[in-house]
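>>> predicted model and sequence follow; I will ask about them next.
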Amino acid sequence: MRIFITLIITLTVSLNGFAQNKSAKQNYFNAYSELESMLAGQQPFSFKRAVFITENAFLEGQLNYSDFQKQIDALARLTKAVAESDGLIYTGSDRNQVLLSASVFRVMKDSLSILTNDNRTWTKLPYTYDMQDFWGEKEWTKMFVTKLLYDKTGNCHSLPALYKIIADEVGSKTWLSLAPNHTYIKQWSEKVGWYNTELTTGTFPFDKDIKCGTATSSLNLLRKGCIWIRFPQER
Amino acid sequence: MRTPVISFIILLLCAFCAHAQQIPDLSTGDHYLPYMTEQKKQQQITDGYLNAAKKKYPQTSEELYPQLYTGKPVELPPGVAGTSADPTNAMKRYGIVQMNTGNRPVAYSGMSDLGQSIEQRNMSTIEADMKGYNERIQQQQQLIDDAMKELYKPEINYHLGLHNGVKVDPFIKGQQTLEAMLNGTEKTDFAKAVFAVESAVDKTLTWNEFNSMLQDGVQTIGALMKQDKLSPTDNLAKVMAIYRYMADTTKVFVASKEKMVVSKPMLYDFEDYEAKKDLTKVFVSKLMRTGTGQCMSLPTLFYLYAKAINANVNLVFAPEHSYITFKDNIGNRQNIELTGRMFTTTDFYWQTGFIKSEQVKSGIYLKPLTEKEVLVHLMTTLARAYVRHSARMKGLCKWQPFQDSTHPTIYLRTCLPSAIIARCTRILYGNTMYSVCQKQNLRAMKNVSRPKRTCTLRLIILKKILVMMKCLTGLTSNGLTV
């Protein structure tokens, strides 16, 4: 009798494990097919959705897209409110774009004091760099935007991604750019041309800073179709 | 017996419930509202902020003076019909009251549409203003469009009289030799090409002097290689021999002169290194005569020596700078910085901060130049020298330069499409100059009418550059985004 019971228990456990393994795999396949359909143009392309899908696949489908959207919406509305308060000294035909990207940057990297309805001040603290396990060697979720939204700390993978998501929401043009072991944001303005936005430190570095800082090879830079420090043809 | 069990179960349940209760996270966010989730807090705050931002100012009197509109309207006794006391005659809204034109005197004759209400008249004036503004905007756009069209026109429409003279002849001669080399009708000889440029400006320079000075250096380098027992076929050995001759004190027996020759290192001339006062400061002949040069003459001389002994090196440009690069025996690129007499990495030039990745990708900076590109560079130097020379000497050109174009590149751009100007200017000044030129160009097109020019040679040289640039380097304006 005992043997029988133990057999049943082991069987159920093993079957359960097998099923879990299969569903985990299926998550990745689903995410892949959705991303593929986005690339093929069968589905409207959305960077926000793409980021969510990839993170949800790793977390075995436990995330809710509407929750994610709500948080992003709140940030986007905050950005718009910051943009309405203005205060930008810039005269150019693309002033609106610069204002929007500046307010996204402020929402991400500045402390904002906000007066609530019941006359309380609430401080929105900047998203900072998570110094512990930034490679994501122990905990892969360190790379995720959902972790950044929860913890208010991120790394050079999640911070630019969130910046791009908010910028897409409010209608500011940004391009995600890659360097060895690093991502950052490239943008174009009438006054300075192409410029870089670094979300980890909250600065606007020159190309040389990124080139020399990430040890990008000159050959890599010159090679056709290469991914490092790339800028798009159309703006 | 059972009571302790039940109590134990109840205890367990309580503990479980207590554990399941949400504990507010006090470490992050707001301390005032710990009972709310972060999401709700954000929602509330952004809503509040948005409401505050969207606060509207009163636009109607009902909004302005709400106390007047509260309560029921007081019922007054009906007035006498046909008088102002009659409520049907009372003015409810002043805006839509019709002006009584019949009884009132006309204020002035220009006011023809007195029959309209104030609002209508205001609207009509506003519409007229809008129309005028739009027309003005369109006119401005038209002007700019015309200017841009003229700018990007690939050909030159006006004919100018040929100007001859003793002072212009060396420039024409230099231009012809360079053109022949670029076309391939003549064999490419960089010594002759450099001499053609420099002799046009420097009247004291003769080919014999230039060639003998150059050959002295070449002989000494050959002797150095022999003395050090270096292989005459090794590229690296040749480059290092030239480098040693230019950057080090050497003592060697030259067989053709039958004596020991001592050479001193070639140093940097800090006086007027930008050649603002004296154009000959950037020349190779000045370097060979005095032994001091700057970042244009030193690499050019190195290049000449290398071409004389068949070493394979390239000239490279950085913003307002040029240097030498070559491939060593392993296959890696090495840079020689002759102004500081050292070997540098490419990152050294990146570190200046003036270089953008786009400029490197489009081949503006840090790209080894081909032989033809070097010739084109010499051609631009000649053109620039001519422009500068002609501006200096009064009477050479009949036309007076207009105030806007004090800079030589502004002359260049007046008869060239912008892509070529960019190429020329970036070689001479770096890429920042290009945008400056374009802006000034536009300003000039808007405000100043084109003065008649009677100078031709400039045109010929620059037209040739135009054609050659297009043919040889395959340059398009797409590659020159700033």
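Received it, and whenever you're ready, just let me know what you need.
>>> residues from chain A in reach of chain B?
Contact residues, chain A versus chain B (C-beta under 8 Å from any C-beta of the partner chain): A:67, A:70-71, A:74-75, A:77-78, A:80-81, A:84-85, A:114-117, A:120, A:122, A:151-152, A:193-194, A:206-209, A:211-212, A:218, A:221-222, A:229, A:231. Using the backbone N, CA and C atoms, a C-beta is placed for each residue, glycine as well.
>>> who are the contact partners of the residue nearest to the spatial centre of chain A?
The centroid of chain A falls nearest to A:A161 when counting by C-alpha atoms, centre = their mean (2.0 Å). A:A161 makes contacts with A:47, A:51, A:145, A:176, A:183, as judged by C-beta atoms under 8 Å, 6 or more residues apart in numbering or on different chains.
>>> of these, buried ones?
Buried members of those, counted by 16 or more other C-beta atoms under 10 Å in any protein chain shown: A:47, A:51, A:145, A:183.
>>> low-confidence ranges, the chain, go.
Defaulting to chain A. Residues of chain A that meet the criterion pLDDT under 70 lie in A:1-21, A:218-235.
>>> um, chain B though
For chain B, the ranges with pLDDT under 70 are B:1-4, B:7-8, B:11-35, B:55-62, B:64-116, B:151-165, B:390-482.
>>> how about the residues of it by chain A?
Checking chain B against chain A by C-beta under 8 Å from any C-beta, the hits are B:28, B:30, B:32, B:39, B:41-53, B:346-347, B:350-353, B:355-358, B:360-361, B:366, B:481-482.
>>> next step: the residues you listed restricted to helices.
B:39, B:41-53, B:346-347, B:350, B:357-358, B:360-361 (DSSP state H).
>>> quick one: what helix or strand has B:K276 in it?
Element membership for B:K276, per DSSP states H and E: none, as it lies in no helix or strand.
>>> residue boundaries of the strands in chain A?
For chain A, applying DSSP state E gives strands covering A:112-115, A:121-124, A:128-129, A:153-154, A:175-179, A:182-189, A:193-197.
>>> which one of the ones you listed is the most hemmed in?
Here the criterion is mean neighbour count by mean count of other C-beta atoms under 10 Å in any protein chain shown, and of the strands of chain A the winner is strand A:153-154, at a mean of 22.
>>> just checking: what are the partner strands of that strand?
Sheet pairing here is set by DSSP bridges, and for strand A:153-154 it gives strand A:128-129 (parallel).
>>> which other residues reach the strand it pairs with?
Under the criterion C-beta under 8 Å, 6+ apart, residues A:152-156, A:159, A:200-201 lie in contact with strand A:128-129.
>>> if we use 7 Å, what do you get?
A:153, A:155, A:200 (C-beta atoms under 7 Å, 6 or more residues apart in numbering or on different chains).
>>> quick one: the first one and A:Q132 touch, right?
No: in this structure A:T153 lies outside contact range of A:Q132 using C-beta atoms under 7 Å: 8.8 Å.
>>> nearest to chain A: which residue in the stretch 51-200 of chain B?
B:A53 (4.8 Å; C-beta to the nearest C-beta).
>>> what number of residues lie near the residue nearest to that residue when sequence neighbours are not counted?
Spatially, and ignoring its direct neighbours in sequence, B:A53 is nearest to A:E84 (4.8 Å; C-beta to C-beta, 6 or more residues apart in numbering or on different chains). A:E84: 14 surrounding residues under other C-beta atoms under 10 Å in any protein chain shown.
>>> do B:T290 as well
Count around B:T290 with other C-beta under 10 Å applied: 12.
>>> skipping its backbone neighbours, what lies nearest residue 207 in space?
The chain I'm using is chain A. B:S357 (4.6 Å).
>>> try again with chain B
B:F195 (6.0 Å).
>>> so that neighbour makes contact with B:F210?
Yes: taking C-beta under 7 Å as the definition, B:F195 is a contact partner of B:F210 at 5.0 Å.
>>> which of those two has more neighbours?
Shown here are B:F195 and B:F210; by other C-beta under 10 Å, B:F195 has more neighbours (24 against 21).
>>> run through who's touching the helix or strand in which the more buried one is found.
Per DSSP H and E: B:F195 is located in helix B:190-201. If you take C-beta under 7 Å, 6+ apart as the criterion, helix B:190-201 is touched by B:170-171, B:174, B:177-178, B:181, B:205, B:207, B:210-211, B:214, B:279-280, B:283-285, B:300, B:303-304, B:307, B:375, B:378, B:381-382, B:385, B:389.
>>> in the next helix or strand after that helix, what counts as buried?
The helix or strand immediately downstream of helix B:190-201 is helix B:207-227, counting by DSSP H and E. Within helix B:207-227, the residues scored as buried using 16+ other C-beta under 10 Å are B:210, B:213-214, B:216-225.
>>> for the helix or strand that helix B:207-227 is followed by, packing partners?
Downstream of helix B:207-227, the next assigned helix or strand under DSSP H and E is helix B:235-247. In terms of contacts (3 or more C-beta pairs under 7 Å, 6 or more residues apart in numbering or on different chains; DSSP states H and E), helix B:235-247 is packed against helix B:207-227, helix B:297-308.
>>> tabulate those helices (a markdown table), appending distance to B:T250.
Output for the helices and strands packed on helix B:235-247, formatted as a markdown table (distance: least, C-beta to C-beta, whole Å):
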| stretch | distance to B:T250 |
| --- | --- |
| helix B:207-227 | 6 |
| helix B:297-308 | 14 |
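>>> and for B:E127, the neighbour number?
The number of residues packed near B:E127 is 10, by other C-beta under 10 Å.
>>> same check, this time on B:G132
10.
>>> ok, now B:R244?
17.
>>> from chain A, how far off is it?
27 Å (C-beta to the nearest C-beta, to the nearest Å).
>>> can you give me the distance of that residue to B:S297?
B:R244 sits 19 Å away from B:S297, going by C-beta to C-beta, to the nearest Å.
>>> which ChimeraX command selects the buried ones in the residues of chain B next to chain A?
Restricted to buried positions by 16+ other C-beta under 10 Å, the ChimeraX selection for the residues of chain B next to chain A reads:
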select /B:30,41,42,43,44,45,46,48,49,346,350,351,355,356,357,358,360,361,366,481,482
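>>> surely B:Q142 is in a strand?
No: counting by DSSP: H, G, I helix; E, B strand; the rest coil, B:Q142 falls outside a strand, being helix.
>>> count of residues packed around it?
10.
>>> next one: it from B:E135, what distance?
Plainly put, B:Q142 is 10 Å away from B:E135 if you go by C-beta to C-beta.
>>> kindly report the same for B:S263.
73 Å.
>>> A:D130 now?
To B:E135, A:D130 is 58 Å away according to C-beta to C-beta.
>>> same check on B:M225?
For B:M225, the distance to B:E135 equals 76 Å [C-beta to C-beta].
>>> same question for B:V252.
79 Å.
>>> any idea what the closest residue to B:V316 other than its chain neighbours is bridged to?
Using C-beta to C-beta, 6+ apart and skipping the chain neighbours, the partner closest in space to B:V316 is B:T325 (5.0 Å). With DSSP bridges as the criterion, B:T325 is bridged to B:N314, B:N335.
>>> wait, doesn't B:T325 sit right on B:N332?
No: using C-beta under 7 Å, B:T325 makes no contact with B:N332, being 10.6 Å away.
>>> quick one: which of those two has more around it?
More neighbours surround B:T325 than the other of B:T325 and B:N332, with 19 against 8 (other C-beta under 10 Å).
>>> contact partners for the more buried one?
Going by C-beta under 7 Å, 6+ apart, B:T325 touches B:313-314, B:316, B:333-335, B:368.
>>> and it, how far from chain A?
B:T325 is 11 Å from chain A, by C-beta to the nearest C-beta.
>>> with that, I have no additional questions.
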